[in-house]
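Sharing a sequence plus its predicted fold:
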Amino acid sequence: MSFFKRLKEKLTGGTEEEKVQQEQADHAEAESDQDLVDGSEAVKEDPTVITNEVIEQVIDEIEEAAEEPAKELAPEEETLPAAVEAEEEKKPSAWSITQKFKNGLAKTRDSFTSKVNDLVARYRKVDEDFFEELEEVLLQADVGFETVMELMDKLRFEVQRKNIKDTEGIQAIISEKLVEIYEAGEENITDLNMQPNGELTVILFVGVNGVGKTTTIGKLAHRLSKEGKSVLLAAGDTFRAGAIDQLQVWGDRVGCEVIKQSEGSDPAAVIYDAIAAAKKRGADVLICDTAGRLQNKVNLMKELEKVHRVISREIPDAPHEVLLALDATTGQNALIQAQTFKEATNVTGIVLTKLDGTAKGGIVLAIRNKLHIPVKFVGLGEKMDDLQPFDAERYVYGLFAEGLEKELEKIED
Ligand SMILES: Nc1nc2c(ncn2[C@@H]2O[C@H](COP(=O)(O)OP(=O)(O)OP(=O)(O)O)[C@@H](O)[C@H]2O)c(=O)[nH]1
């Protein structure tokens, strides 16, 4: 199957008709969706969470309905399945996930695509000067030197092979080659290393303060809960003032228990308690927060080693994932942080937060190329469902949406 046919199927998840239906469902959902803000009001009002309160309310309604005469039952009967259906409908469609990538990468696309469009308009013919300017545009988007060089080699080869003369359509070829580079030699790179049913999966989060670690833990807990997993959170960032409370707010919001001690206590002790609690409750997943002090690499290393030791003593193969949260808006600085954490601990995946907040979304490719650690999730906004597993095809679509749409329209369903 050609790259573009595969891309179209991936992005839409099906036929045009399905796409329209999905758009309508997503529109209805978006209207009832609400931006996340810290605070208990948001916790109560967030429509994407089925809290115990909601469950109790539904049970009360069923019980009340059962006691009432048959003719008064009708409206109640309609209400219950509708509520359940509404929750079902919130399972995101392929197209709605694609739109999240498109919206999340709007800043990058606006700056990057307008430059590429400008180039295409100015040059019209593919020649060496065009390639050189394109190289510059890619470097400015933080794609990273090695990736840009690799891409340019591939583009030159492809242009020669297909005898391409016009610059029009070059975005489609860049997209194809970027996906090729990203996916080269890797399989299942975004999947979390989840343990079989009945066994506890331990996920350790690391990263400096302020990158959005706590928010990401909350979003991931929400995601896993929606998949039917029981999730426990460990407040292992005992260093930053307010970190424990902030995690508790998220715990309340997504309906997960938070295991915590007081500020300043030993993070390894908190995580030890949390593992014991998770085992006792038969939880599926334990997500552990940690403090991210980078000022002193030796201390960071010692702290993370200790946490690691405690976890693997209790559960031999754990932690099953060590996820490093990086803030995409910090650009090259994120790469330096990643290098430090990579030396301090065995990072198994990266969560790139705030991708929606930067015009230099090419950082995803630079991270992959420089660090050889897969980007497992990307943060595409502040809403609960804005944490998405990284997907190279949707990502390039987010970079070149308009240019690619023309190409995809040519493909028959
Ligand atoms: N736009 C956007 N904002 C995000 C994303 N992830 C996190 N944020 C925001 O970033 C801010 C900081 O996130 P927090 O989780 O509170 O991070 P922190 O408390 O500063 O520090 P740590 O938890 O230690 O990282 C919050 O306002 C979050 O809503 C994202 O993917 N996109």
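Thanks, I have it. Numbering: from 1, shown residues only.

So for the residue nearest to residue 239 when sequence neighbours are not counted, what's the pLDDT?
Nearest non-adjacent residue to residue 239, counting by Cβ to Cβ, 6 or more residues apart in numbering: residue 291, 3.7 Å away. Heads up, the C-betas are built off the backbone N, CA and C, glycines and all. Per-residue confidence (pLDDT) for residue 291: 88.

Could I get the full set of helices for the stretch 251-400 of the chain?
Listed in chain order, the helices of the stretch 251-400 of the chain (DSSP state H, counting those that start in this stretch) span residues 267-281, 297-314, 332-344, 363-371, 392-409.

and the third one, which residues are buried?
Going by neighbour count (16 or more other Cβ atoms under 10 Å), the buried part of helix 332-344 is 334-335, 337-338, 341, 344.

which one of those residues is nearest the ligand?
Nearest to the ligand among the buried residues of helix 332-344: residue 337, at 11.6 Å, using Cβ to the nearest ligand atom.

So that closest one versus residue 250, what's the distance?
23 Å (Cβ to Cβ, to the nearest Å).

could the helices of the stretch 251-400 of the chain go into a markdown table alongside distance to residue 242 and mean pLDDT?
As requested, the helices of the stretch 251-400 of the chain are exported to a markdown table (distance: least, Cβ to Cβ, whole Å; pLDDT from 0 to 100):
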| stretch | distance to residue 242 | mean pLDDT |
| --- | --- | --- |
| helix 267-281 | 16 | 96 |
| helix 297-314 | 19 | 87 |
| helix 332-344 | 21 | 87 |
| helix 363-371 | 28 | 85 |
| helix 392-409 | 33 | 83 |
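
among the ones you listed, which is the most enclosed?
Ranked by mean neighbour count, those are led by helix 363-371 with a mean of 22 (mean count of other Cβ atoms under 10 Å).

packing partners for that helix?
Under the contact criterion of 3 or more Cβ pairs under 8 Å, 6 or more residues apart in numbering; DSSP states H and E, helix 363-371 touches helix 145-161, helix 170-183, helix 332-344, strand 349-353, strand 375-379.

who touches that helix?
The contact list for helix 363-371, computed with Cβ atoms under 8 Å, 6 or more residues apart in numbering, reads 142-144, 146-147, 150, 178, 181-182, 326, 328, 331, 334-335, 338-339, 342, 350, 352, 355, 373-375, 378, 390, 395.

Please state the backbone phi and psi of residue 166?
Note on residue 166: backbone dihedrals following degrees, to the nearest 10 are phi -90, psi 150.

residues touching it, list them.
Counting by Cβ under 8 Å, 6+ apart, residue 166 has contacts 124-126.

at 7 Å what do you get?
124-125 (Cβ atoms under 7 Å, 6 or more residues apart in numbering).

ok, what's across the strand from whichever residue of the chain sits closest to the ligand?
Proximity of the chain to the ligand (Cβ to the nearest ligand atom) peaks at residue 379, 2.1 Å away. Taking DSSP bridges as the rule, residue 379 bridges to residue 387.

For the stretch 151-300 of the chain, which residues are neighbours of the ligand?
209-215, 240, 246, 292 (Cβ under 6 Å from any ligand atom).

Between those residues, identify the one with the most neighbours.
Most neighbours among these, by other Cβ atoms under 10 Å: residue 213, with 29 neighbours.

what separates that residue from residue 259, distance-wise?
17 Å.

go on, residue 306?
In terms of Cβ to Cβ, residue 306 sits 17 Å off from residue 259.
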